[in-house]
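Student: I need the structure of the sequence given here:
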Amino acid sequence: MNLGPLNKPMYKVIINEISHNIEVRGNEICVDNELLDWDLLSINNSLFHLITNSESYLIEIISIDSSKKHLKLKVNGCFFEIVVQDKYDILLEKLGMQPSDSNEHHEIRAPMPGMILDILVKEGQQVSKGQKLFVLEAMKMENIIKSNREGAIESIHIKKGMNVEKNQILIQF
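Tutor: Residues are numbered from 1 along each chain as shown. Purely as a prediction, here's the structure:
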């Protein structure tokens, strides 16, 4: 089973909306700076037996969405939703650039301060999710900002060469 980000040493793991810091050092795992004494046995691709701190847990993987690093588990009959963030996800979050697939977002905000190099859409234009909207230069890097939803561009609040601040509304749907 490949859970994607678990081969990197530092993670933020959100379990039922409660955040934990996880550090992997070879076969050792630290949870919130405490060394975890554990033994994991794979029964099959979706069923595992975990022993930690003299307690036994039967873990069943209900679903995995690798693209979102999201798992649904059943542990001893209780359900848990887990999101795993690696160091890159944590950095994007700190920069205010959390990815979103929600259709409730009706605006595109500046993920960081910078300058608009190019605008690739026009007001009234229909765009699809993932379509390139504009190019933002920040920290001497060109960042192509893409649409987080499908819809028509209602208004564009930027112009080529304009400087923008973090979280400034740039485009509205």
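Student: Pull out the buried positions in stretch 21-29.
Tutor: 22, 29 (16 or more other CB atoms under 10 Å). In this view, the C-beta of every residue, glycine as well, is placed from N, C-alpha and C.
Student: Same check on stretch 128-139?
Tutor: Buried residues in stretch 128-139, counting neighbours by 16+ other CB under 10 Å, are found at 133, 134, 135, 136, 138.
Student: For the last one, give me its contacts.
Tutor: This points to residue 138. 111, 112, 113, 114, 115 (CB atoms under 8 Å, 6 or more residues apart in numbering).
Student: just to revisit the earlier point, next step: the buried residues of stretch 128-139 restricted to strands.
Tutor: Using DSSP state E, the members of those that fall in strands are 133, 134, 135, 136, 138.
Student: May I see those organised as JSON lines, with pLDDT and distance to residue 65 added?
Tutor: Shown next, in JSON lines, are those (pLDDT from 0 to 100; distance: CB to CB, whole Å):
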{"residue": "133", "pLDDT": "93", "distance to residue 65": "25"}
{"residue": "134", "pLDDT": "93", "distance to residue 65": "29"}
{"residue": "135", "pLDDT": "93", "distance to residue 65": "30"}
{"residue": "136", "pLDDT": "92", "distance to residue 65": "28"}
{"residue": "138", "pLDDT": "85", "distance to residue 65": "29"}
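Student: Which of the residues you listed sits closest to residue 148?
Tutor: Minimum distance to residue 148 across those is 9.6 Å, recorded for residue 133 (CB to CB).
Student: re earlier: among the buried residues of stretch 128-139, which one sits closest to residue 32?
Tutor: Nearest to residue 32 out of the buried residues of stretch 128-139 is residue 138 (CB to CB; 32.8 Å).
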